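>>> Sequence and predicted structure are below.
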Amino acid sequence: MALINLSIPTQNFELVHNRIGEILTEELQNQVLSYYRTEFDMKVWKERDIQFNQAELPSINVIMERADYDNMHLGQTDGNTRYFIDAYYKAKSTQDSLGDELASNRLQKLLGAVAYILRDPKYKTLGFAKPFIQHTRIESMVFGKPIKQDASHVVLGRLAFIVRVPETNVLVTAPAFAGNDTQVSLQQTDQGYYWTI
C-alpha cells in the first residue's frame, strides 16, 4: 500500500529550468526587436538531444546537468543545481574575414550576452518571489574549436550556471507500515532482481 497520498508536485529544479529558457528567449528577442541585434535571433531549446542542422543555427540548448544536495533536514534540502547553456553558431567566410574567426567571435558575443542577462541584478531571483532562490552564479564558460561543415564553420560554447534552490516535501503523518500491507514483491530474473506490483 502506497503511503504518499498526494500527487507529487513539480520539483523546484524543474521550475528553474523552465525559467532560464523563458528569460533567455525573452531577453534575446528584446535585443533583436528593440536594438536590431539580429545576431541574437534564435530559438532557445530545452534538453534537445537531436543534432542541430545548419539551417537551425544559431541556437541555444538549456540542459540540466546535475543537482548536489546538502543542508538536509526533515521536509527540506538545499540543492546546487547546474544547468548547461549550450550555444551553437555558424558563419561563412567573407572577403574580409575567415568563417572560423567569425563563428568564434559571434559565439563569444552570444555567450557574453547570456552571461550578462543571467548576472543582471534584475534576475538575481530569476523572477521568483524571495527567498525561493538562495543564489545564482555563472561557474564557467568554455568554447570549442570551429569545425568546417560544407561552406560554413560551426562552433559550440557552453556556459555552466549554478542555482541554489531548496526542495521541500510536504510533512504528513504516515500510517504505520506493516510488511503485509504492501502488494509489491521482489521478482528474480536472469538480469537480477526488481520490484513489481
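Arrived safely, thanks for sending.
>>> so who does Leu28 touch?
40-42, 44, 60, 113, 117 (C-beta atoms under 8 Å, 6 or more residues apart in numbering). C-beta: built from backbone N, CA, C; applies to glycine.
>>> what's the average pLDDT for the longest helix belonging to the chain?
As assigned by DSSP state H, the longest helix anywhere in the chain is helix 12-35. Mean pLDDT, helix 12-35: 95.
>>> now stretch 161-175
Mean pLDDT, stretch 161-175: 80.
>>> Let me know how buried Ile8 is, in neighbour terms.
For Ile8, the neighbour count with other C-beta atoms under 10 Å is 8.
>>> all strands for this protein, in order.
For the chain, strands defined by DSSP state E occupy the ranges 43-46, 59-73, 76-92, 135-143, 147-149, 152-168, 185-189, 192-196.
>>> and the angle from the third one to strand 152-168?
Using axes from the mean of the first three to the mean of the last three C-alpha atoms, to 10 degrees, the interaxial angle of strand 76-92 with respect to strand 152-168 works out to 170 degrees.
>>> List the buried residues in strand 76-92.
By 16 or more other C-beta atoms under 10 Å, the buried positions in strand 76-92 come out as 79-91.
>>> Of these, which is the nearest to Ile147?
Nearest to Ile147 among the buried residues of strand 76-92 is Lys90, at 9.7 Å by C-beta to C-beta.
>>> Number of residues surrounding Ala55?
Using other C-beta under 10 Å, the number of residues around Ala55 comes to 6.
>>> whoops, I mixed them up, Ala2
Number of residues near Ala2 (other C-beta under 10 Å) recorded here: 9.
>>> now do Ala151
By other C-beta under 10 Å, the residues close to Ala151 number 10.
>>> Name the nearest residue to it, sequence neighbours excluded.
Leaving aside its chain neighbours, Ala151 sits nearest to Lys92 (5.5 Å; criterion: C-beta to C-beta, 6 or more residues apart in numbering).
>>> thought Thr125 was touching Leu118?
No: counting by C-beta atoms under 8 Å, Thr125 sits too far from Leu118 to count as a contact (11.9 Å).
>>> quick one: low-confidence ranges for the chain?
Low-confidence segments of the chain (pLDDT under 70): 171-186, 191-197.
>>> Apply 80 and report the result again.
1-2, 149-150, 170-197 (pLDDT under 80).
>>> wait, what's in contact with Lys145?
Val155.
>>> And it, how far from Val154?
Using C-beta to C-beta, to the nearest Å, Lys145 is found at 10 Å from Val154.
>>> Equivalent analysis for Thr136, please.
Per C-beta to C-beta, Thr136 is found 29 Å from Val154.
>>> For Val16, which of the strands of the chain is the nearest?
Between Val16 and these, the shortest gap by C-beta to C-beta is with strand 152-168, which sits at 5.1 Å.
>>> Using PDB, write down the CA coordinates of the closest one.
Extracted in PDB, the C-alpha atoms of strand 152-168 (Å, rounded to 0.1, in the frame of the first residue of the first chain):
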ATOM      1  CA  SER A 152      30.400  27.100 -43.100                       C
ATOM      2  CA  HIS A 153      32.300  26.900 -39.800                       C
ATOM      3  CA  VAL A 154      30.300  25.700 -36.800                       C
ATOM      4  CA  VAL A 155      31.300  26.300 -33.200                       C
ATOM      5  CA  LEU A 156      29.900  25.300 -29.800                       C
ATOM      6  CA  GLY A 157      30.200  27.000 -26.500                       C
ATOM      7  CA  ARG A 158      28.900  26.100 -23.000                       C
ATOM      8  CA  LEU A 159      28.100  28.300 -20.000                       C
ATOM      9  CA  ALA A 160      27.600  26.500 -16.700                       C
ATOM     10  CA  PHE A 161      25.100  28.200 -14.500                       C
ATOM     11  CA  ILE A 162      24.500  27.300 -10.800                       C
ATOM     12  CA  VAL A 163      21.300  27.900  -9.000                       C
ATOM     13  CA  ARG A 164      20.800  27.200  -5.300                       C
ATOM     14  CA  VAL A 165      17.200  26.300  -4.600                       C
ATOM     15  CA  PRO A 166      15.500  24.400  -1.800                       C
ATOM     16  CA  GLU A 167      13.500  21.300  -2.400                       C
ATOM     17  CA  THR A 168      10.700  20.600   0.000                       C
END
